[in-house]
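Participant: based on what follows, work out the 3D shape:
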Amino acid sequence: MSVTLLFGVHAHQPAGNLAEVFALARDRCYGPFLRLLARFPAFRFALHASGPLLEHLAAHHPEDVALLRTMVERGQVELFGGGDTEPVLAAIPERDRRAQLEALGDRLERLFGARPRGAWLTERVWEATVVPALAAAGVSYVTVDDYHFLCAGRSAAELAGFFTTEEGGERLDLFPIAEALRYRLPFAPASEAVAFLESRDTGADDTAAICFDDLEKFGLWPGTHEWVYGHGWLEAFVRGVLDSPRLRTATFAEYHARHRSRGIVYLPSVSYVEMNEWALPPERARAYAALVGRERDAGRYDATKAFLRGGTWKGFLARYPEANWMHKRMLGLSARLAGLPPALRTPQMRPLLHLAQANDAYWHGLFGGIYLPHLRRAVYRALLALESALDRARARPARAVFDLDLDGTDELVLQNGELQAIVKLDGSATVVELDAYALAQNFGDTLRRHAEAYHAEVLGAGAARRHEGPGIASAHDLTRLRHPISAADLASDARPRSIFRETWIDEAGAHALDAYRALPAGAIEHAAGFRAHCAGGTIEKHLLVQGARLTAWFSFAGVSAGRLRTELNLALPSCDGFSGRYILHGEIPGGFGQPLDAAEVSELALDDRFLRGTVTLRLSRPAAVRARPLYTVSRSEDGFEKIMQCVTIELEWPVAPGASEVSATLRIVADPPASAAEQASREGA
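Facilitator: Numbering: from 1, shown residues only. Next comes the predicted model:
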């Protein structure tokens, strides 16, 4: 008897990721992994690669695609399918699940001549509702964590083969990934990992040891490139498996064809153990972690962990309103596309929707996720390009009111085909999304400073924790600072970051206005008016979308002396880079990452090399300007880091009794199309 090792790796880079990240991942991980495994044709394994990564490799490293094709043709590698852009299937509509699965299947058939029988579930998020789409795409089996099975009442001893589930009569087989293997490969010494696999031998001829995990652990995670390739871990592991008389390798397809299901199982909605903690609000996450810690200390965790259930992946949409907003924008455009007559659809619409469904920007755990502006920007770039195309195919109203994000508060949408402002009708009358379609840029795409459960660890972090014993530490075990972080950096925001949020300042200090009440709609369809009581009188606020301009103007009636302050949080591509700067009075007082304080300002330009347009703030009366970068503190596989989300600009005008009005206008204009040489220069930079 022997143990069949079913070994699989999952490789993914989101479409909006930085070019240097793609290059680093290929050079330190994907390329070395394929080249080494290609030397051992007898070592069979499965590979899942997402659509954006395959597209990048085909364009920039066709030799990798050719090598992988050879390995597929000789039966060494089984390719797994899934959603093309790596969506969480449970978070998108059924029609889009089927389209995403079909898109990656088509891509694999085009590149490698084979359609997949197995599929990778993004972040191993399981909901039974995904079964019909998988079955319709020709998928026979998927891999999920053994934890999923424990939560369904199965014992660990049973999980050495595959099981069957169904939804509405549609069948799907499930392979349980061994958590013990996930944590050992590649972090434990190769000899220990091989010995652990041999210990799984139960004497039955269908015993399988199943591991399917991130390929990035084999070269891209901190310290792993030198360990896996420099110190020879991967070659030693492969040789150890192939030389062992008690081990053999197989593809999932081979094993599935030779053996029968071990029975029927119905899994709860769940993801892997760490995700269940990350998806909880901070206080609940700390309580959950403390409970798990007590169970570990008491030696009971292995027996009780199936009953220590945290949150579910969709909890991120409740934790982060910014993620929920993107998600509901995506769902709205998906519905518009589905309702568009086929004759009006263009070939670009469906791929744009798929790009907007990529999971990476919608959540946060060990990796930056929603905290990374370039990932959110990629989602909005796809959303706005799709929305613009849909508007050209079938125009929508210039003004609409509905509860876009399903939070119980309506939003007002003002759009003219060139610019779109979405206003929160929660009494703040503030702009929460500002879109320039020619630039495919949402200037409201920022992230407030959220409290996080791991913030308690930050101030005590220093160098990486020393790893005790043989092997190397996993990124889960590292605690270090990528940037200096103080207690002040960890303060959380009491309210969302938005555009044109007002404060009144008088002798008693600064305080928020009373809630704005909407005024009756006027004759101008791209405008909205609001009124609030303040300082013994009233302030009226009007927002107007006109051409490429958004104007906010304020009129005063019966107010006492004071100062009106309005705050703009503006997200630009170089907020997280070095190519953004202010231009004031024809000079450059500093970059977006530096403080700016100026009096008597009538015009301020925001110059961003990568925006491919200009943003100019023009004031009807000179105002004092205070601008600061907004940083958040988050966790990544490399440690705790500060990330700039946007520039926060405060405009402040003195208001005397009898004053009439002031206004501020944001003018957003796209540059003329770049020449081929200019385009190459930008991309090279």
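
Participant: longest helix in the protein, please.
Facilitator: The helix that spans the most residues within the chain, counting by DSSP state H, is helix 373-393.

Participant: so what does it touch, helix or strand wise?
Facilitator: Helices and strands touching helix 373-393, by 3 or more Cβ pairs under 8 Å, 6 or more residues apart in numbering; DSSP states H and E, are helix 321-339, helix 349-356, strand 430-436, strand 441-442, strand 639-655. Where C-beta positions appear, they are placed from N, C-alpha and C, glycine not excepted.

Participant: give me the number of residues near residue 86?
Facilitator: The number of residues packed around residue 86, counting by other Cβ atoms under 10 Å, is 27.

Participant: which non-adjacent residue is nearest it?
Facilitator: On the basis of Cβ to Cβ, 6 or more residues apart in numbering, the spatially nearest residue to residue 86 that is not a chain neighbour turns out to be residue 50, at 4.3 Å.

Participant: read off the pLDDT value for that neighbour.
Facilitator: Taken from the predicted model, the pLDDT recorded for residue 50 is 97.

Participant: that older thread, tell me the buried residues in the longest helix of the chain?
Facilitator: When burial is assessed from 16 or more other Cβ atoms under 10 Å, helix 373-393 yields the following buried residues: 373-390, 393.

Participant: can you list the strands that the following helix or strand past that helix pairs with?
Facilitator: Past helix 373-393, further along toward the C-terminus, the next helix or strand under DSSP states H and E is strand 399-402. Under the criterion DSSP bridges, strand 399-402 sits next to strand 411-415 (antiparallel) in its sheet.

Participant: what angle do the strand it pairs with and helix 373-393 make?
Facilitator: Using axes from the mean of the first three to the mean of the last three Cα atoms, to 10 degrees, the inter-axis angle of strand 411-415 relative to helix 373-393 is 70 degrees.

Participant: any idea of the mean pLDDT for strand 411-415?
Facilitator: Mean pLDDT, taken over the full extent of strand 411-415, equals 97.

Participant: touching that strand from outside, list them.
Facilitator: Strand 411-415 is contacted by residues 396, 398-405, 420-425, 432, 435, 518, 526-528, 543, 545 when judged by Cβ atoms under 8 Å, 6 or more residues apart in numbering.

Participant: distance from it to the middle of the chain?
Facilitator: Average the C-alpha atoms of strand 411-415, do the same for its chain, and the two points are 25 Å apart (Cα atoms, centre = their mean, to the nearest Å).

Participant: pLDDT-wise, which helix or strand of this structure ranks last?
Facilitator: Sorted by mean pLDDT, DSSP states H and E, the helices and strands of the chain end with helix 676-684, the least confident at a mean of 53.

Participant: cross-check the contact I'm expecting between residue 172 and residue 164.
Facilitator: Yes. With contact defined as Cβ atoms under 8 Å, residue 172 reaches residue 164; the gap is 7.4 Å.

Participant: of those two, which one has the most company?
Facilitator: Shown here are residue 172 and residue 164; by other Cβ under 10 Å, residue 172 has more neighbours (20 against 15).

Participant: SS state for the more buried one?
Facilitator: Remark: residue 172 carries the secondary structure label strand [criterion: DSSP: H, G, I helix; E, B strand; the rest coil].

Participant: partner residues bridging it?
Facilitator: Beta bridges link residue 172 to residue 165, judged by DSSP bridges.

Participant: residues in contact with it?
Facilitator: Residues near residue 172 by Cβ under 8 Å, 6+ apart: 131, 134, 135, 139, 140, 141, 142, 164, 165, 166.

Participant: nearest residue to the third one in space, please, no chain neighbours.
Facilitator: The spatially closest residue to residue 135, leaving aside those adjacent along the chain, is residue 170, at 4.0 Å (Cβ to Cβ, 6+ apart).

Participant: show me the contacts for that neighbour.
Facilitator: Residues touching residue 170, when contacts are defined by Cβ under 8 Å, 6+ apart, comprise 131, 132, 135, 136.

Participant: ok, now with 10 Å
Facilitator: Contact partners of residue 170, counting by Cβ atoms under 10 Å, 6 or more residues apart in numbering, are 128, 131, 132, 133, 134, 135, 136.

Participant: can you select the buried ones among those for me in PyMOL?
Facilitator: What follows is the PyMOL syntax for the buried subset of the contacts of residue 170, where burial is set by 16+ other Cβ under 10 Å:
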select buried, resi 128+131+132+133+134+135
